[in-house]
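Novice: sequence and predicted structure below; questions after.
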Amino acid sequence: MIAGRPNRGALLPARLSALTDSRVGSLVFFIIRRILWMIPIVFFVILITFLLMHLAQGSPWDKAGGRQLSAAVVNNLNIKYGLNKPEYQQFELYVWNVLHFDFGLSYQYEGKTVTGLIAEGIPYTATLGVLAFIIIVPVGVGLGVLAALRQNTRVDYITMGFATAAASFPNFVIGALMVVVFSVLMAKWTQHSFFLPAADFGLDDHLIMPVITLALLPIAYTARLTRASTLDTIRQDFIRTAWAKGLTERLVVIKHVLKNSLIPVVTTLGPTFAFLVTGSLIVETVFNIPGIGRAFVTAVESRDYPMILGTTILFSIIIAIANLVVDVTYVFIDPRVRLA
Amino acid sequence: MAQTLLQVEDLHTQFFTSRGVVRAVDGVSLHIDVGETLGVVGESGCGKTITALSILRLVPDPGKIVSGRILFRGNDVVKMDDDEIRDFRGNDVAMIFQDPMTSLNPVTRIGSQIEEAMTAHKRFTPEQAKSRVIELLTRVRVPSAETRAKDYPHQFSGGMRQRAMIAMGLANEPSLLIADEPTTALDVTVQAQIIQLMKQLNRELGTAMMLITHNMALVASLCQRVVVMYAGRVVEEGPVEQIFKSPQHPYTWSLLRSVPRVDEARKDRLVSIKGLPPDLSNPPPGCKFHPRCPFVIDRCRVEEPPLGEVGPDQVARCWVLMRNVSEGDVATAKQSSISVAAAENLKAPVADIGTKSGS
């Protein structure tokens, strides 16, 4: 246990001292074990993706250059990329190469490595995802708490109406609607003096619509979950105890209600982050953003096997890490949690 | 004459539900003197807890204090503004709740929860509050208080949590401590420890106590005066020895008879009060207890009796009164603890089951 006087105010030291020696030890073991678990997880992700790809109709050379290639050319290409070998040998070779951090060459972009293509896309997808995440947490939690504290008032109804609507529309519909309203119509009404750009992605106001489109659904989910969890907490006996002590409303809400009601919300933030990464598939396609999401979609369309596998592995690692981070965060926010 | 600390006058607390208005507290008047221990007894759902919560203005939705006065040292709690009521809670009057397992915040350290009870008010400086946490935990006999103060509630046993709750209640040295069934959720041995503790604290600190319970033994060992509640009303009130020796309301009598006593003949049956407390959104006319009363007379069904003086400092709300009931009737009531009709009702389904399984 970390010595020193009991800590108020400063959040971190108090949290750290919550970890007794045994908890720190088990935390380290827990993280190591979870990281080792990622190896079999990624292996099976590769296996399943590989099987699905080869079960799917079509070959990488169907649409190359927009014309039908001759049988001889296809044969040469198959030999060049090793596609003439039996599937199990292809699989063995791929896994062997992955173990050496070699993810192969893309089929659709000649001479480019999968690693290179992904590295090009990551800044876009990461910017999009991180910005969306930064919006989701305060807005989603804020709306949820507000709705709960003003339960059955107009504030509650409006907030939850919005959340239900946002959760009901698929994000490609929202994206397309936003383009129509904020780009096309807005440009028309203002004679092109003010509108939001919908194409030619850059890291400025081009981000507004994609980020909002991406964030809307998670905001809605987070708000609804926060509301439910907060309402549940408000009715707990220990909240009555807090009131009976004569605490101010602010203290009751922050120290007693939120500290408890946000625990389940934190749990969902891992999957939410994963959703942002995978959700970017659609948003990047709608807004024509050159991120890994779009790269993945075009790779699937053109049966670019190494590219599909590379992005899928990346996604699965991101999801695994996001979940690990959530589990570790749990230890800090809930003293009852013990990692086994 | 002792000084009156808290005076509740004609309190009405009602719940406005979709099924109608529930009169949870229906014209309750009671008082507590400085340093006194008052027991409030009655079955579940008779309005004891709501009376207590009304005193702190903590009645949960959709409940409301409709009328009445709650005078604490002459100030009406009902009329206090938000700041006044906030400073009143936990400072002048503190409350200990029934279930220590759920009444503490699971993600906050015990010490911090006790400390904030003090920092919410201005009686102690933050430094004093900090050192008082250990002092209080030691006082309620939490061993190695210094380290245990850093524990979270899940690291405490039920009895320890209730001690922590009591420490929290005493933090600001309130003049009145309301304890709502403080021992119900605990083991019998732990119950005894907690009772001892509360007795001692009352003696040492002179804190007045309002003990809400349906445990008659607890009342006998802790209280000086008893208020018996039924269906949101006070039905009998008096000094504890007198209530135990000669209860005048049939409800009080039944409550006392429903507890086994070692010093009485085994063949005496326990009295179980037949039926259930009335639906408070639709109470019966006349005396609220008459449908369950073994000594009911015609007048009880139409006219509600007032609280009348029945002995020195003892009042009861009854047309009959136990002292007017003949020995024979009492004996009959003891015998037919469950009414004949009720017994018949119980038999019928058993017989049905028997024939069905037999075939």
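Specialist: Looks like it arrived, so ask away.
Novice: hey, let's count contacts and neighbours off CA atoms from now on
Specialist: OK.
Novice: for chain B, where's the lowest mean pLDDT among helices and strands?
Specialist: Of all the helices and strands that make up chain B, helix B:340-358 has the lowest average by mean pLDDT, DSSP states H and E, namely a mean of 42.
Novice: report pLDDT for the residue sitting furthest away from the middle of chain A.
Specialist: Of all residues in chain A, the one whose C-alpha sits farthest from the chain's mean C-alpha position, using CA atoms, centre = their mean, is residue A:72 at 43.2 Å. We have a pLDDT of 83 for residue A:72.
Novice: now the helix or strand containing it: buried residues?
Specialist: Counting by DSSP states H and E, the element that carries residue A:72 is helix A:71-80. By neighbour count with 16 or more other CA atoms under 10 Å in any protein chain shown, helix A:71-80 contains the buried residues A:74, A:77, A:78.
Novice: quick check, distance from the next helix or strand after that helix to the centre of its chain.
Specialist: The helix or strand immediately downstream of helix A:71-80 is helix A:87-99, counting by DSSP H and E. Using CA atoms, centre = their mean, to the nearest Å, we find the averaged C-alpha position of helix A:87-99 to lie 28 Å away from the chain's own average C-alpha position.
Novice: run through who's touching helix A:87-99.
Specialist: Outside helix A:87-99, the residues that touch it by CA atoms under 8 Å, 6 or more residues apart in numbering or on different chains are A:47, A:50, A:82, A:83, A:103, A:104.
Novice: low-confidence stretches in the chain?
Specialist: All of this refers to chain A. Within chain A, the stretches falling below the threshold (pLDDT under 70) are A:1-23, A:63-67, A:192-193, A:197-205, A:278-279, A:339-340.
Novice: actually, chain B is the one I wanted.
Specialist: For chain B, the stretches with pLDDT under 70 are B:1, B:260-271, B:334-359.
Novice: spell out which residues of it are next to chain A.
Specialist: Chain B comes close to chain A at residues B:56, B:58, B:85-91, B:94-95, B:97, B:102-107, B:116-117, B:120-121, B:152, B:154, B:169, as judged by CA under 8 Å from any CA of the partner chain.
Novice: are any of those buried, and which?
Specialist: In these, burial by neighbour count holds for B:56, B:58, B:85-91, B:94-95, B:97, B:102-107, B:116-117, B:120-121, B:152, B:154, B:169, counting by 16+ other CA under 10 Å.
Novice: where do the strands sit along the stretch 101-250 of chain A?
Specialist: Taking DSSP state E, counting those that start in this stretch to define them, one finds no strands in the stretch 101-250 of chain A.
Novice: swap in the stretch 151-300 of chain B?
Specialist: With DSSP E, counting those that start in this stretch as the criterion, the stretch 151-300 of chain B has strands at B:176-180, B:208-213, B:225-230, B:233-239.
Novice: secondary structure class for residue B:320?
Specialist: Under DSSP: H, G, I helix; E, B strand; the rest coil, residue B:320 falls in the coil class.
Novice: ok, back up a step: the residues of chain B next to chain A in helices, which ones?
Specialist: Among the residues of chain B next to chain A, the ones falling in helices (DSSP state H) are B:85, B:86, B:87, B:88, B:116, B:117, B:169.
Novice: just to revisit the earlier point, can you tell me which of the contacts of helix A:87-99 is nearest residue B:31?
Specialist: Taking CA to CA as the measure, residue B:31 lies nearest residue A:47 of these, at 77.4 Å.
Novice: how near is the spatially closest residue to that closest one that is not a sequence neighbour to chain B?
Specialist: In space, not counting the residues next to it along the chain, residue A:47 is nearest to residue A:91; the distance is 7.9 Å by CA to CA, 6 or more residues apart in numbering or on different chains. Here residue A:91 is placed at a distance of 49 Å from chain B (CA to the nearest CA, to the nearest Å).
Novice: count of neighbours near residue A:91?
Specialist: Under the neighbour criterion other CA atoms under 10 Å in any protein chain shown, residue A:91 is assigned a count of 16.
Novice: could you do residue A:109 as well?
Specialist: As a burial measure, the neighbour count of residue A:109 was computed by other CA under 10 Å and equals 11.
Novice: ok, it to residue A:124 distance?
Specialist: In this structure, residue A:109 and residue A:124 are separated by 19 Å, where distance is defined by CA to CA, to the nearest Å.
Novice: and residue B:275, by the same measure?
Specialist: Distance, residue B:275 to residue A:124, by CA to CA: 72 Å.
Novice: just residue B:12 next, same as before
Specialist: Using CA to CA, which is the criterion applied here, residue B:12 is 65 Å from residue A:124.
Novice: same check on residue A:224?
Specialist: Here residue A:224 is placed at a distance of 29 Å from residue A:124 (CA to CA).
Novice: nearest to chain B among the contacts of helix A:87-99?
Specialist: Comparing the contacts of helix A:87-99 against chain B with CA to the nearest CA places residue A:47 closest, at 42.7 Å.
Novice: neighbours of that closest one, how many?
Specialist: Residues near residue A:47, counting by other CA under 10 Å, number 15.
Novice: coming back round to it: can I get the ones in helices among the residues of chain B next to chain A in CSV including distance to residue A:31?
Specialist: Supplementary listing: these in CSV, determined by distance: CA to CA, whole Å:
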residue, distance to residue A:31
B:85, 49
B:86, 45
B:87, 47
B:88, 49
B:116, 35
B:117, 38
B:169, 42
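Novice: return the closest of these with respect to residue A:297.
Specialist: Within those, proximity to residue A:297 (CA to CA) peaks at residue B:116, which comes in at 55.3 Å.
Novice: wait, what's in contact with that closest one?
Specialist: Applying CA under 8 Å, 6+ apart as the definition, the contact partners of residue B:116 turn out to be residue A:247.
Novice: go on, residue A:330?
Specialist: Taking CA under 8 Å, 6+ apart as the definition, contacts of residue A:330 comprise A:263, A:266, A:267, A:337.
Novice: can you get me a residue count around residue A:33?
Specialist: Burial of residue A:33 is recorded as 11 neighbouring residues (other CA under 10 Å).
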